[in-house]
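Here is a sequence with its predicted model. Questions after.
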Amino acid sequence: MDRADAIIFGGGLVGLALAAALDSSSVSAIVVDPADPDLRTDAAFDGRTSAVSSSSMRMLETIGVAGQLPEPGCPIRTIAVADGLQPGGLYFEPDDDEALGWMHENRHLHAALRARAESGRNLWLLWKSRVTAVDRAEHGVVVSLADGRKLNAPLLIAADGRNSRTREEAGIRVARWKYDHQAIVSVLRHERPHDHIAYEIFYPTGPFALLPMADDGHGHRSAIVWSVPNDDAAGWLALNDDDFAAEAEAAMGGFLGRIALLAPRSSFPLGFHHAAQITAQRLALVGDAAHAIHPIAGQGLNLGFRDAAALAEVLVDGARLGLDLGDRQLLDRYQRWRSLDALSVAFATDSLTRIYGVPGKTASAVRRFGMGLVERIGPLRNRLMNEARGTSGELPLLLRGLPI
């Protein structure tokens, strides 16, 4: 039987970040994932990108992931928020030199996290492995794999996504609802430079996000996340590239000049879920297994990284005290630490989605008045900017750029 300090189900971005964080402090982990990672490595760019907050980037640097990135990413220096193409809006621009966040292609993030995990001294990566049974008993966890191997650890960590089988089998209740929208994602080339500005343009039919990407040597690039009503999504995807680019250019007001599509368009349904609890007997949930939110503020992945940083700190502290890493007191500390923050972010993004979805001139005028107030009230604007950076609340050490 193979034994480690923790077993992690899921070798995605959050699962591998947690594994690297544990390895950095000599806590061992076994990562189990049914996927073949080489298929991701060999795949062409599919248009999927992520905004990584400045605090999340500090963690990736501290645990040795940032140095593995094939490209450094594109810094976000300013966030501009607008109600349609009406004048006035909000601008978040920090006084210091640290970027608000960084845009990365998902394939580059995964490649860097995988390379870091493969170099770990305390990590075992079991790709293409299927779980047949899980026994979370009073004194430990035993996982049986389809190849006959058995794994043993004091703690099981579920990083297996929004449809987490582990969460369901643990009987953890989830509050969930679907938005009547789908997000269309792609990457555009545009005529004028983006100046490292991320734009969030709100329309009653759904928000349009434009996120700066690094120049690929052939011109200026930005990622888009365009929320469209479910009934319209098939029509948007059926447009040819030139027609879609023309529609996107119109939605942007043409301020970046002529645009063209650089990556395939894909779409995914938008929904919300939040687990009633993120721990159970010898079990902790992280990332989308614990919560999933609207992409309106680009905080979904960062919430998962915050889970990883907090759980790693709790487990490393416990290991140094010689505690059982599946101990209820340790898991309760993680539950208290992450529950309020995750719920607060989820509530804020859901409220923004609903407020900006109200049609009509009166609603638009009220929104613009509110944005004008925020723009003039420095402390409030700074608070919102800190939320975007991921620097609010009780930050784990890794998110402050400090080793555990």
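Good, I have the coordinates. What you see is a predicted model, and the numbers here were worked out from it, not measured in a lab.

Okay, now the unreliable bits of the stretch 1-150 of the chain?
Scanning the stretch 1-150 of the chain for pLDDT under 70 picks out the ranges 1, 41-44, 87-88.

show me where it has helices.
Under the criterion DSSP state H, counting those that start in this stretch, the stretch 1-150 of the chain contains helices at 13-24, 37-42, 54-62, 106-118.

To Ser266, which of the ones you listed lies closest?
Ser266 lies closest, by CB to CB, to one member of those: helix 106-118, at 11.5 Å. From N, CA and C alone the C-beta is placed, and that goes for glycine too.

What are the boundaries of the strands in the stretch 201-350 of the chain?
Here the stretch 201-350 of the chain has its strands, by DSSP state E, counting those that start in this stretch, at 206-213, 220-229, 259-261, 266-275, 279-280, 283-285, 291-292.

if we can go back for a sec, who wins for proximity to Ala6 among the helices of the stretch 1-150 of the chain?
Using CB to CB, the nearest of these to Ala6 is helix 13-24, at 6.6 Å.

Show me what that closest one packs onto, helices and strands only.
Using 3 or more CB pairs under 8 Å, 6 or more residues apart in numbering; DSSP states H and E, the elements in contact with helix 13-24 are strand 6-9, strand 29-33, helix 54-62, helix 106-118, strand 123-127, helix 300-320.

which one of the strands of the stretch 201-350 of the chain is the most hemmed in?
Highest mean neighbour count among the strands of the stretch 201-350 of the chain (mean count of other CB atoms under 10 Å): strand 283-285, with a mean of 27.

Tell me which residue is most central in the protein.
With distances taken as CA atoms, centre = their mean, Leu301 lies nearest the centre of the chain, 0.8 Å away.

now that residue, nearest residue through space, not along the chain?
Of all residues not flanking Leu301 in the chain, Ser50 sits nearest, at 4.9 Å (CB to CB, 6 or more residues apart in numbering).

count of neighbours near that neighbour?
Around Ser50 there are 23 other residues, counting by other CB atoms under 10 Å.

And Ala308, by the same measure?
Per other CB under 10 Å, the neighbour tally for Ala308 reads 31.

picking up where we left off before, among the helices and strands packed on helix 13-24, single out whichever gets nearest to Val225.
Shortest distance between Val225 and the helices and strands packed on helix 13-24, using CB to CB, is found for helix 300-320: 10.8 Å.

returning to that earlier point: format the helices of the stretch 1-150 of the chain as a markdown table; extra columns: distance to Ala183 and mean neighbour count.
Putting those into a markdown table (distance: least, CB to CB, whole Å; neighbours: other CB atoms under 10 Å) gives the following:
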| stretch | distance to Ala183 | mean neighbour count |
| --- | --- | --- |
| helix 13-24 | 18 | 28 |
| helix 37-42 | 21 | 12 |
| helix 54-62 | 21 | 23 |
| helix 106-118 | 14 | 20 |
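
Low-confidence stretches in the stretch 301-404 of the chain?
The model of the stretch 301-404 of the chain has pLDDT under 70 over residues 346-393.

mind redoing it with 50?
369, 373-374, 380-381 (pLDDT under 50).

Would you map the helices across the stretch 301-404 of the chain?
328-355, 361-376, 378-389.

Quick one: work out the angle between the longest strand seen in the chain and strand 206-213.
For the chain, the strand that runs over the most residues, judged by DSSP state E, is strand 174-190. Inter-element angle recorded for strand 174-190 and strand 206-213: 60 degrees (by axes from the mean of the first three to the mean of the last three CA atoms, to 10 degrees).

Check which helices and strands strand 174-190 sits against.
In terms of contacts (3+ CB pairs under 8 Å, 6+ apart), strand 174-190 is packed against strand 220-229, helix 230-238, strand 259-261, strand 266-275.
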